[in-house]
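**Q** Provide a 3D model corresponding to the input given below.
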Amino acid sequence: MTNEATDLLGNALSADERELVDIYTRLKALSGRDDLPPVATANAKQAMVLMWNACNDLALICEEPGCD
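**A** Residues are numbered from 1 along each chain as shown. Model (predicted):
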């Protein structure tokens, strides 16, 4: 993943871009928990992948979402 201040090209992140990365990061953490009901975990993973698509397309992150 990129650092918190720049994208993969070294450009400073806007407030909106930082928020997108933050949402992705929070969903990634949520989807990795094992204390949630299965339906909540499945939906968190689905939302995380959608946010990964947005962040990846904007060159904000460089990683695989890592979910099944």
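**Q** Would you tell me which helix is longest in this protein?
**A** helix 38-57 (DSSP state H).
**Q** So Glu64 belongs to a strand, correct?
**A** No: when classified by DSSP: H, G, I helix; E, B strand; the rest coil, Glu64 is found to be coil rather than part of a strand.
**Q** how close does it sit to Pro37?
**A** 25 Å (Cβ to Cβ, to the nearest Å). Where you see a C-beta, it was placed from the backbone N, CA and C, and this is true even at glycine.
**Q** For the helix or strand where Arg26 lies, the averaged confidence score.
**A** Using DSSP states H and E, the element containing Arg26 is helix 15-31. Mean pLDDT, computed over helix 15-31, is 96.
**Q** who's in contact with it?
**A** 1-2, 4, 7, 13, 36, 41, 44-45, 47-48, 51-52, 54-55, 58, 60-61, 65-67 (Cβ atoms under 8 Å, 6 or more residues apart in numbering).
**Q** 7 Å - rerun?
**A** 7, 41, 44-45, 47-48, 51-52, 54-55, 58, 60-61, 67 (Cβ atoms under 7 Å, 6 or more residues apart in numbering).
**Q** ditto for stretch 57-68
**A** 1-2, 7-9, 13, 17, 20-21, 24, 31, 45, 48-49, 52, 55.
**Q** Now with 8 Å, please.
**A** 1-2, 7-9, 13, 17, 20-21, 24, 28, 31, 45, 48-49, 52, 55-56.
**Q** What of stretch 37-44?
**A** With Cβ under 8 Å, 6+ apart, stretch 37-44 has contacts from Leu27, Leu30, Ser31, Arg33, Leu36.
**Q** buried set for it?
**A** Thr41, Ala44 (16 or more other Cβ atoms under 10 Å).
**Q** So what's the residue count around Leu30?
**A** 16 (other Cβ atoms under 10 Å).
**Q** Fine, thanks again, bye for now.
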